[in-house]
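# Return atomic coordinates for the entry below.
(chains A, B and C)
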Amino acid sequence: MTRCDGQDASDGSVSTVSVTVPGPWWTDLTYLVGRDLAPDGYLAPGVRVRVPVGAGSRVGVVVRSGERGAGDEYDGELRRVSEVVDERPILSDAMMKLLRWFCDAHLCGMGTAMKALLPSAFLRGEPFGAPGEPMLPRVGVVSFLYDSEDEARFERYARILSDGEPSLVIFPIHLAARRFHAYLADSPHMPMDLKERIFLFPRNGAKAEWAAWKKLMSGDGALIVVGGQSAAMAPLRGMARVIVEDESSHVWRTLRPPIHNVRGLLSYRARLEGASLLLGGRMPSPRAYMRLVSGGGAQSGARTGRKIFFVDLRMAYSPSIKGVMDSLAVSEPLVRETDLALASGEWAIWILDRRGYAGEIVCQECGAPVKCSRCGSAMRWESSPARVTCVSCGASAPLPEECPNCAGRLLSAHRPGLEALEPLARAAINSPAPIVSLEGDDERTRAAIEGARPGLILGTRAALALCDSVKVGLVGWIDADGEARSGEHDARVRAYSLIWESLWRGISSAGRRVILQTRRPGQDWQRGLAHGPQGWRTFWRDELKERRELSMPPFNSLVKIESNAPQIRVMAEKLEASGFECWSPDEPNAKSGTLWVRTKRLAELRRALEPYFQITRVRRGFPAVVVWHE
DNA sequence: CCACCAGAGCTC
DNA sequence: AGCTCTGGTGGC
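This next block holds a predicted model:
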């Protein structure tokens, strides 16, 4: 690498470069570069440089290079590139395209895209070789593999992988990747010499991840890379195939900005690098389903049988719960099936997706819910010890004696939770088997359960993970409608796929029974649940019809923009003037604002948002943008 | 007297 | 968002 010697180029022949610098802004920054760093007055696009930014310095990537003033409106004082990191461009053509696609799809800047897709060492300036181009341009095919049985899919993957083509196999969670890695090591379908060339990509963690990148970039002979989401950009040489397992999982969507769907990234990466793409799972995601019905048939398991039972909540006995307005039903069929499962030495799981004693506390006089003083989210009531905790930030406070809003004395609890369910379960179950409330999903709890005598587990959706390690004979959904109640446009798919998962997940799905306590037995989004291994066809047909009518994703993209209230108002006006469909749910005098946009014209929206992401706006702060594509 | 930290201020 | 510079605090 070459460092700036600090001297001015005395002959005055100084040129400029545009550099993408990681930051929340979308602007590329212009710098001078002296002859000492660039003898030809030119730095190739894709070369990393260290540049001064504000008080410090950062590593960025050259995007353009040329004489002063060429295609650049900035007329202020320019600073100098302080160091050229790479001798040759370091981002492949495919990688540049992938980064650009990411920016367009998620309405973010190039710097944000680089941080999301590349290991942190890249932007520290460490030696780097990007994922390769295909040797010969290839056209990857897309295929699908849906089978409700986990074991059946694993076997199919193993058979496919046994041809030794360089393959990337990615799971939504690392634990599942580990399980598949162990499966491959034992699989009779894998040739011995190939087994030695399977690499389990490490779980998130910057150091381990960078070590894995270096190992793969050095071309150590790995042919199959198995990993969780952190392996999505793994630099596998000559990658010919990408397998995305459990592709409909909502876990593919990241929780941290830039919020994106890692499965979508993998699909596009496969296309750019000419690798074939195999999407697999228990059921398809909306986009995969649409391709599937337009393209060809799916694989599927053949097992059917009476696995699922609907219990009409309106008919079920619902004992009242002390201190809580709503009741919880523990129906007769649920108790009977639970006792049966326990009697035959299997585990039973009852799922209620609300922790604590009650999900919300509301003032009966003013109607306001008790909110967290720190973050403003709803507080839930926990009974032992008696207190309220915040659903989102975890803050805890003593049980309020009066309404914080109107000082009213009548606070009432609603939506009973797991703590309230436990005494009901104890009273209802006849079996002497233990009853355990599962508070977390950590490894320790799981290990304790794996070694214990089978019993009844009361837990949230996280408890479904137990199906992977112990024999679960019954899953009972205490309030199945609750899953579909959130206002999100994808609430119904989440509900459907959770229940679908409870039918099929893990090692004992063949004999498992599932009971749904619901107000709409087998109706609406629940249609198709009882139709056997491809019941999701019924679900998607109805769901996509409705989404098309409402112009919701995947037929349109949904964009959420957050900023301060005045800026949101200005943006809303301008976007509406440009013909965008916008709405804002804000209260009139709120400080911060939210703007929703529903559109197909993402490129145009990007251009409209560009002014708000110029670096000169840094002091006013940048809006936060989230995009939904499905 | 200096190590450590929170907050301010800056960004071609 | 980073980064560094500042000034206050607290440990010895």
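# chain center to stretch A:604-616: distance?
26 Å (Cα atoms, centre = their mean, to the nearest Å).
# Could I have the CA atoms of that stretch written out in CSV?
The C-alpha trace of stretch A:604-616 is given here as CSV (Å, rounded to 0.1, in the frame of the first residue of the first chain):
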residue,chain,number,x,y,z
GLU,A,604,-38.3,6.8,-8.6
LEU,A,605,-38.9,6.8,-4.9
ARG,A,606,-35.2,6.6,-4.4
ARG,A,607,-34.6,9.6,-6.5
ALA,A,608,-37.3,11.5,-4.5
LEU,A,609,-35.6,10.6,-1.2
GLU,A,610,-32.1,11.4,-2.4
PRO,A,611,-32.1,15.0,-1.2
TYR,A,612,-32.8,13.9,2.3
PHE,A,613,-29.6,11.7,2.4
GLN,A,614,-27.0,14.2,1.3
ILE,A,615,-24.1,14.5,3.6
THR,A,616,-24.9,18.2,4.2
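# How about that stretch and DNA strand C, touching?
No: residues of stretch A:604-616 contacting DNA strand C under Cβ under 7 Å from any atom of the strand: none, with a closest distance of 8.8 Å. Placement of C-beta: from N, CA and C, glycine included.
# which residues touch that stretch?
A:23-27, A:29, A:104, A:107, A:109, A:559, A:561, A:563, A:567, A:571, A:574-575, A:578, A:580, A:597, A:599, A:622-623, A:625 (Cβ atoms under 8 Å, 6 or more residues apart in numbering).
# Please apply the same query to stretch A:451-465.
Here stretch A:451-465 has contacts from A:175, A:338, A:342, A:345-355, A:418, A:421-422, A:425, A:429, A:431, A:433-441, A:446, A:449, A:466, A:470-471, A:475, A:498, A:501-502, A:505, using Cβ under 8 Å, 6+ apart.
# From the residues you listed, which land in helices?
A:175, A:338, A:342, A:418, A:421, A:422, A:425, A:446, A:449, A:498, A:501, A:502 (DSSP state H).
# Need the buried ones from those selected in ChimeraX.
Buried residues among the ones in helices among the contacts of stretch A:451-465 (16 or more other Cβ atoms under 10 Å), as a ChimeraX selection:
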select /A:338,342,418,421,422,425,446,449,498,501,502
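# So for stretch A:277-286, first residue to last residue, what's the gap.
Stretch A:277-286 stretches 17 Å from its first residue to its last (Cα to Cα, to the nearest Å).
# out of the contacts of stretch A:604-616, who's near DNA strand B?
Answer for the contacts of stretch A:604-616 near DNA strand B (Cβ under 7 Å from any atom of the strand): A:23, A:27, A:29.
# Kindly state the beta-bridge partners for the closest residue to DNA strand C within the stretch 1-150 of chain A.
Nearest to DNA strand C in the stretch 1-150 of chain A, going by Cβ to the nearest atom of the strand, is residue A:56, at a distance of 2.6 Å. Beta bridges link residue A:56 to residue A:53, judged by DSSP bridges.
# Kindly provide the distance from it to residue A:50.
The gap separating residue A:56 from residue A:50 is 10 Å, by Cβ to Cβ, to the nearest Å.
# Then residue A:308?
60 Å.
# So between those two, which is more surrounded?
Shown here are residue A:308 and residue A:50; by other Cβ atoms under 10 Å, residue A:308 has more neighbours (22 against 19).
# nearest spatial neighbour of that one, skipping sequence neighbours?
residue A:514 (4.8 Å; Cβ to Cβ, 6 or more residues apart in numbering).
# Make sure the one you found is actually in contact with residue A:307.
Yes: using Cβ atoms under 8 Å, residue A:514 makes contact with residue A:307 at a distance of 6.0 Å.
# how about the residue nearest to residue A:308, what does it touch?
Applying Cβ under 8 Å, 6+ apart, the residues near residue A:514 are A:307, A:308, A:309, A:474, A:475, A:476, A:477, A:499, A:502, A:503.
# How about residue A:215?
A:199, A:222.
# Distance check, it against residue A:199.
8 Å.
# got a winner among the ones next to DNA strand B among the contacts of stretch A:604-616 for most neighbours?
Going by other Cβ under 10 Å, residue A:29 tops these with 23 neighbours.
# I figured that residue hits residue A:18, correct?
Yes: between residue A:29 and residue A:18 there is a contact at 7.2 Å, judged by Cβ under 8 Å.
# Excluding sequence neighbours, find me the nearest residue to the residue nearest to the spatial centre of chain A.
The centroid of chain A falls nearest to residue A:253 when counting by Cα atoms, centre = their mean (1.8 Å). Spatially, and ignoring its direct neighbours in sequence, residue A:253 is nearest to residue A:261 (5.0 Å; Cβ to Cβ, 6+ apart).
# element containing the nearest residue to residue A:249 once chain neighbours are set aside, please.
Spatial nearest neighbour of residue A:249, chain neighbours left out: residue A:172 (4.2 Å); criterion: Cβ to Cβ, 6+ apart. For residue A:172, there is no helix or strand it lies in under DSSP states H and E.
# Now for residue A:172: which residues touch it?
A:228, A:229, A:245, A:246, A:249, A:251, A:252, A:262, A:263.
# I'd like the distance between it and residue A:538.
Counting by Cβ to Cβ - residue A:172 and residue A:538 are separated by 24 Å.
# got it, and residue A:569?
Where residue A:538 is concerned, residue A:569 sits at a distance of 44 Å (Cβ to Cβ).
# Many thanks, we can stop here.
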